[in-house]
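1. next come a sequence and a model predicted from it.
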Amino acid sequence: MGFPGTWMTESESVVYRVVPKCACSTIGQIMFYSDHGKFFDGDIHDATGGMHKWAIEASQPLIERNVKTHKSYAFTCVRNPYTRILSSFFDKICGIQRNGKRYRGNLVPLLVQKYGIEVGGDDGQGEFDQIASFRRFLLFARDTIRFKKPMEPDIHWSAMAGHVSTYIVNGGRYDKIFFTEKFDDGMGAVLKKIKVKHKVDLKKIPKFNESEGHGPKRLHPVEDYFDDLSRHLVWEIYKRDFQLFKYDFDNPGNKMPIGEIDLDEVHAKLGD
């Protein structure tokens, strides 16, 4: 199994477990900058050098050795499950991806046909009922996660706890898990703990958002997308995310965490 989704600076100053839709583009660029004094030119997800990634075969033994001996400071970042699944819908389902095509090729036609979802036409810019389509997408996301039908769940909407747990189960330990919603505080705490070749000023770092502009703008407040049934589905999919990462299930309109993450609890509950 190893350590899927794990990135490490070339200098081995820090190790990061990527959780999709949780500021991973910005975090990756900060890591790259801290080693090289410049940002990667392009989407950091496309970088095949200048940084170690589990997806790069040559990096795997280095990452494995580091993680298993806990040589470097290790962290990850989480996000409110309500806003994360909404972001996935607008970016991955409604949006045109950076290659000019729909995400995962035949996925959107399948959703249109089987779940009656609308996505704003061929270019994602047409008008459609965002709330009705999102709720149908949520049903599809639940089906993929609970029943693996009509396909395996996608990393962008599978539960954060699942991503976070693979690192622990295979022998890693986190020093910090912080909130996307309190990004500067969390990333600042990480940077204080590690030695970097190039100082990072978080106030001057642009937010790298690889999904920005891919899809239509969200027209309504977050809470409008989640009726009683939607919230039931969200709880079914993301119960552990709400509990472990201290987000407010009862109020979809409150994106901020309502407690502090207990690292010991996370390691105990996700280390099975």
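-> Here it is on my side, so go on. Residues are numbered from 1 along each chain as shown.

2. strands along this protein, start to end?
-> 6-9, 14-17, 51-53, 73-78, 176-179 (DSSP state E).

3. run the chain-centre distance for the shortest one.
-> The one in question is strand 51-53. How far strand 51-53 lies from its chain's middle: 18 Å, per Cα atoms, centre = their mean, to the nearest Å.

4. what's in contact with it?
-> 6-10, 12, 28, 31-32, 35, 40, 44, 47, 59, 62-63 (Cβ atoms under 8 Å, 6 or more residues apart in numbering). C-betas here are computed from N, CA, C, even on glycine.

5. partners of it in the sheet?
-> Under the criterion DSSP bridges, strand 51-53 sits next to strand 6-9 (antiparallel) in its sheet.

6. convert the C-alpha atoms of the strand it pairs with to CSV, please.
-> Coordinates of the C-alpha atoms in strand 6-9 are reproduced here as CSV (Å, rounded to 0.1, in the frame of the first residue of the first chain):
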residue,chain,number,x,y,z
THR,A,6,2.2,11.8,0.1
TRP,A,7,4.5,14.7,-1.0
MET,A,8,7.9,15.6,0.5
THR,A,9,10.3,18.5,-0.2
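
7. quick one: buried residues of that strand?
-> Neighbour counts over strand 6-9 (16 or more other Cβ atoms under 10 Å) mark 6, 7, 8, 9 as buried.

8. may I have the beta-bridge partners of the first one?
-> Partner residues in beta bridges with residue 6, using DSSP bridges, are residue 17.

9. make sure it is actually in contact with residue 55.
-> No - with contact defined as Cβ atoms under 8 Å, residue 6 does not reach residue 55; the gap is 9.3 Å.

10. residue contacts, residue 183?
-> By Cβ under 8 Å, 6+ apart, the contact list for residue 183 reads 23, 26, 77.

11. I misspoke; the intended subject was residue 121.
-> The neighbours of residue 121, taking Cβ under 8 Å, 6+ apart as the test, are residue 128.

12. residue numbering should commence at 6 henceforth.
-> I'll keep to 6 as the first residue from here, and by that count the last item is residue 126.

13. what about the residue nearest to residue 70 when sequence neighbours are not counted, neighbour count?
-> Of all residues not flanking residue 70 in the chain, residue 76 sits nearest, at 7.5 Å (Cβ to Cβ, 6 or more residues apart in numbering). Using other Cβ atoms under 10 Å, the number of residues around residue 76 comes to 12.

14. now do the phi/psi pair for residue 76.
-> Phi and psi for residue 76, reported as degrees, to the nearest 10, are phi -70, psi -40.

15. any low-confidence regions in this protein?
-> 215-219 (pLDDT under 70).

16. contacting residues around residue 93?
-> When contacts are counted by Cβ under 8 Å, 6+ apart, residue 93 touches 26, 146, 159, 161, 162.
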